[in-house]
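A.B. asks: Whatever this is, show me its structure:
(2 chains)
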Amino acid sequence: MRWLNVLWARLRALAGRESVIGDIDEELRLHVEMETEENLARGMSPEEARRAARMSFGNFDSIRDTAYTVRGGGLMETFLQDVRYGARMLARNKAFTVVAVLTLALGIGANTAIFSVVNDLLLRPLPYSEADRVVMLWEVSPEGRHMNTTSRANFREWRAQGQSFESMAAFSDQRLNLTGAGDPEEVAVQLATPELFKVLGVQPLLGRVLVEDDIKMGSAGVVLSHAFWKRRFGGDPGLVGKSITLNGNPFNVVGIMPPSFQWHIKQRSGTGKPAEVWMVLFMPQPGGAQVANERGRFLSVVGGLKPGVTFEQAEAELKTIHKRLEADSTFNKNYTAEVIPLREQFVGNIRPALWVLLGAVGLVLLIACANVANLLLSRVAAREKEIALRTALGARRVRVIRQLLTESLLLSLLGTGLGLLIAWWGIGALVAISPRDLVSLQNVGINTTVLAWTLGVTLLTSLLFGIVPALEATRLNLNDALKEGGKGADAHGSRSRRLRGALVVGEVALALMLLVGAGLLVKSFAQLRKIDTGFETENVLTMVLRLPASKYKDDPQYVAFFRQALERIRAIPGVRSAGVVNFLPLYGGLGSATGFDVEGQPPAPPGMGPSTNVRVADSGYFKTMNIPLKQGRLFTDVEDSEDRRVVLVSESYAKRFFPGESPLGKRIKVFMAEDPAWTEIVGIVGDVRYDNLMAEAEPFVYYPHPGLTYEFMTIVVRTAGDPAEMAPAVRREIAAIDPDQPVSDVRTMTQVMADTVARQRFNTLLLGIFAGLATLLAAVGIFGVMNYSVQLRTRELGLRMALGAQPGRVLMLVLRQGLSLTLVGIGVGLAGSLALSRVMSGLLYGVGATDPLTFAAIVVVLGVVALIACYIPARRATRVDPLVALKYE
Amino acid sequence: MRDRAGGLTHVTQQKADLLQGTLDMLILKALSLGALHGYGIIQRIRQTSGEMLNVEQGSLYPALYRIEQRGWVSSKWETNETGRRAKFYSLTRSGRKQLEEEEASWDRLVLAIAKVRQAT
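C.D. replies: Numbers count the residues shown, from 1 in each chain, chains lettered A, B, ... in the order given. Purely as a prediction, here's the structure:
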């Protein structure tokens, strides 16, 4: 019948009909009252009677706690008891609690912050309906260049033949000048076939999306982004149906997109920024009256897969179609096609870095757990009697372990609370320092997914750092522990010591792995900054000017505008030189490249000949950027103003296409125009990295502006002082020529460089912070363990000193213990780092993932930190007063 | 000297090592004469031991709860004749049986020790 009684008691407690806690409190209170009354009856004064009763009762809290533990209750009731009891224990050991909570908060905070980024970029569904079936379609060039844009002709065939796709749309980014309402401004426009909105499954907020007819001249329609509508038109709902002026032409606003809609494919974007306006891309009917450039490769293509079709099937089909196109036209010779899932397109290049960062904060959290576990282990000895007493009174081991784990959980929860604050602050900091091209990072925040994950981490960590100490604490030999003054610690001291040692080894190993990762990134970053870009970055101001076609009718007018602008800018006091180029090095977008013929050599079939990058610049550009002239001459003043059919080439161009001979005086024909002219090479200039810092230098041909006229140019200005301060003066000169002319992308070359390496800087900075944090935590861990060890050995050390051991020897004794643990940790960490080197190699430039110098430097750094962490307790050990130590007994 | 595990204070200067489980038996015995509250149990043990044994509160209640969980005693909140509210404990049938067993084994132990002592 006994089990029935127990069951009944538990059921009653569970049902909440009886509060075990209140019950015990009441009983004990009445007990004291009875004793007080009895004392009164014996003739004591009321105050005296109460005091005596209290005294006789002993420690009320501790009796109550013990009684709770024994009596138990319902599951919830027990848990609440444990929580209250745990809270009291934590409140009693404030120093311990503060250190443990801070440690956990750092670990959990860092984890939450990084996870929220990972969640936002890698895990959260993209804001398009059925985004998992949306793919990008690209060409792969004969040189193996991926994510190449395609042509109208090829897109037409893909769309007509592709069976895997439900719908397909092509688009291309451009910049147009907005005039009329307010200041003139350059806006990012996306020309798209109207299917775009269907493929992405988005609905407009106001009005409608684009239709084919929106291209008709006179009634051409545009759709605006929500941000642009708010910023430029104050969110006026009456804007739909009204007209706006782009490049001098009227466009009818037919719709406004919702705020969540963002559609920006960074790769091959001609503007490098998200579109603010959408208009219809012209796709002429085959055989129709209107024609367009069918072969120019400038289109990005997005498609929606039919249900049940996999990425692989779609890619296989696209490759087959492209194979047929290759056979049809020499223009497609050696080109292939590829299909890239949308998520991959957005984050494919930052995914490895994100996983590394998430792994890094995971390691930091592990170290934090090891530290807290160490603290708990140190307290095992102090709590032995308490735990033994409870066990003696009938609390089963499982019960005690549960109690101890509840305490761990409380610690974790406190750490999580503080950690969420740290994460909240950390996310703000992350967004602030994140590279500009991580567009969607603006939406990162602590949402329910992140909270759920953090809670999971909390539970896991409390188990992780709580279970070993809890098992250890309840492993005691009762008799040893209960003996008054018995050194229970000795009974299981060696086990405990081994455990603590293992934790230190683990911490050091994890910290070393993080430090190595950070060290490699730092070195890689330094290498990146050392790359010779081919130009001088300091004291250069840049800005883009795009002249509207409505105002400037022919090429000489464009050229004349920029000549006039440069003349005025050069006259500004403080300006050393100024020039123009169409695409600035490292500006973040595409340049132009095409094939060419060399005079005297048989022309290659179309698409088969050599190709080169093409830039348009004046001689002022080379002087301003300090790009050296290697041979020949720069353009003359006349050549900068009138077309004299001359070009400059880069050193790589000369070496690659004219090996062993001078290209000076040779004539080439570059297919930048429909009917290109022969041009003479008059000079060779130094190589410049235009697209990618890390790639080899590529061949370039430079046209003077009159030779290949662009309607937009980037003005570069070398200044005597701070270039940023010069911007207003330069703007004034532009406005003096045409007050309606907008200026955009005003940046110093230093900023351009910083933006180029922003992602590497971001990775390096973060991993550096985490590695620093890990090292700090590991140092605290080593210090804690050594300090505690010295405390335990006080007697032994005192005895040694009393017997004549020199302080130096005692110092060495303690140091040796700590450093041997550190060395083992370093060994394990080195092995771990080598195992992980493959993960890192993708993020590195100019440094091997197993760079011996970095490894050596990190080992030294960690060794010194560990030495300091051991030295402080070791010094204390030498100050042990033998008398005090021996009296301690 | 105190032996906290046994939870008893021997009032005299003589040392009385009480075996584990003894407290349980003393509580059951005290209750065998009728229902008592916690304070009453302490009082009764002190009286019946001739003021020799003093049970500490810190040991009594955990022991009481443990015994109750095993079903040897049952408890009830009651108000007695002087109007005082208290939780009263009384022996259950299985408690009575347990007491008999423990007393029997205690007697055997005492007998055994006595024999050993007489032998020397």
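A.B. asks: What is the host helix or strand of A:G466 packed up against?
C.D. replies: For A:G466, the element it lies in under DSSP states H and E is helix A:448-473. For helix A:448-473, the packing partners by 3 or more C-beta pairs under 8 Å, 6 or more residues apart in numbering or on different chains; DSSP states H and E come out as helix A:94-118, helix A:351-392, helix A:397-433, helix A:488-530. Every C-beta, even on glycine, is put in place using the N, C-alpha and C of the backbone.
A.B. asks: could you give the angle of the third one to helix A:351-392?
C.D. replies: Angle, helix A:397-433 to helix A:351-392, by axes from the mean of the first three to the mean of the last three C-alpha atoms, to 10 degrees: 150 degrees.
A.B. asks: Around chain A, pick out the residues from chain B.
C.D. replies: Counting by C-beta under 8 Å from any C-beta of the partner chain, the residues of chain B lying close to chain A are B:4-5, B:20, B:37-39, B:56-58, B:61-63, B:65-66, B:68-71, B:74, B:84-87, B:92, B:94.
A.B. asks: how many other residues sit next to A:D881?
C.D. replies: Using other C-beta atoms under 10 Å in any protein chain shown, A:D881 is surrounded by 12 other residues.
A.B. asks: if I read this right, it contacts A:L797, doesn't it?
C.D. replies: No: using C-beta atoms under 8 Å as the test, A:D881 is too far from A:L797 to be in contact (10.5 Å).
A.B. asks: if we can go back for a sec, might you specify the subset of the residues of chain B next to chain A located within strands?
C.D. replies: Filtering these for membership in strands, criterion DSSP state E, returns B:H37, B:S74, B:R85, B:A86, B:K87.
A.B. asks: Just list the residues touching the closest residue to the first one other than its chain neighbours, thanks.
C.D. replies: With C-beta to C-beta, 6 or more residues apart in numbering or on different chains as the criterion, B:H37 has its nearest non-adjacent residue at 3.9 Å, and that residue is B:A86. Contacts here follow C-beta atoms under 8 Å, 6 or more residues apart in numbering or on different chains; on that basis B:A86 touches A:E27, A:L30, A:M34, B:H37, B:G38, B:Y39, B:W77, B:E78, B:T79, B:N80.
A.B. asks: again with A:G781
C.D. replies: If you count contacts by C-beta under 8 Å, 6+ apart, A:G781 has them with A:I367, A:A370, A:N371, A:N374, A:L503, A:V504, A:E507.
A.B. asks: next one: A:G863
C.D. replies: Under the criterion of C-beta under 8 Å, 6+ apart, the contact partners of A:G863 comprise A:L819, A:T822, A:I826.
A.B. asks: roughly how far apart are it and chain B?
C.D. replies: Distance, A:G863 to chain B, using C-beta to the nearest C-beta, to the nearest Å: 48 Å.
A.B. asks: Under a three-state scheme, what state does that residue occupy?
C.D. replies: Here A:G863 is helix, with the state taken from DSSP: H, G, I helix; E, B strand; the rest coil.
A.B. asks: Please report how far it lies from B:E102.
C.D. replies: Between A:G863 and B:E102 the distance is 64 Å, computed by C-beta to C-beta, to the nearest Å.
A.B. asks: bridging residues for the residue nearest to B:H37?
C.D. replies: Beta-bridge pairing of B:A86, defined through DSSP bridges, involves B:E78.
A.B. asks: Tell me the pLDDT of the residue lying closest to B:S74 once chain neighbours are set aside.
C.D. replies: On the basis of C-beta to C-beta, 6+ apart, the spatially nearest residue to B:S74 that is not a chain neighbour turns out to be B:T92, at 5.4 Å. With respect to pLDDT, B:T92 has a value of 92.
A.B. asks: Which of the contacts of A:G863 fall within strands?
C.D. replies: Secondary structure of the contacts of A:G863 is defined by DSSP E; no position falls in strands.
A.B. asks: Packing partners of the longest helix along chain B?
C.D. replies: Secondary structure of chain B per DSSP state H: the longest helix is helix B:93-119. With contacts taken as 3+ C-beta pairs under 8 Å, 6+ apart, helix B:93-119 sits against helix B:22-31.
A.B. asks: So what touches the helix it packs on?
C.D. replies: By C-beta under 8 Å, 6+ apart, the residues outside helix B:22-31 that reach it are B:6-8, B:36, B:41, B:44-45, B:48, B:53, B:55, B:59-60, B:63-64, B:67, B:72-73, B:89-91, B:95, B:98-99, B:102-103, B:106.
A.B. asks: do the same with stretch A:186-195
C.D. replies: Identification of contacts with stretch A:186-195 by C-beta under 8 Å, 6+ apart yields A:167-178, A:209-212, A:214, A:228, A:246, A:263, A:271, A:273-283, A:544, A:546, A:742, A:744.
A.B. asks: how many neighbours does the residue nearest to A:M713 when sequence neighbours are not counted have?
C.D. replies: Nearest in space to A:M713, with sequence neighbours left out and distances taken as C-beta to C-beta, 6+ apart, is A:V580 at 4.2 Å. Other residues lying near A:V580 total 25 when counted by other C-beta under 10 Å.
A.B. asks: ok but A:V580 is inside a helix, no?
C.D. replies: No: note on A:V580: no helix contains this position according to three-state DSSP, which reports strand.
A.B. asks: Show me what the one helix or strand A:S837 maps to is packed against.
C.D. replies: Following DSSP H and E, one finds A:S837 within helix A:807-841. Taking 3+ C-beta pairs under 8 Å, 6+ apart as contact, the helices and strands that helix A:807-841 lies on are helix A:351-392, helix A:488-530, helix A:758-792, helix A:794-802, helix A:852-878.
A.B. asks: Any chance of TSV for those, columns mean pLDDT?
C.D. replies: Compiled in TSV, the helices and strands packed on helix A:807-841 are given as follows (pLDDT from 0 to 100):
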stretch	mean pLDDT
helix A:351-392	83
helix A:488-530	83
helix A:758-792	87
helix A:794-802	80
helix A:852-878	90
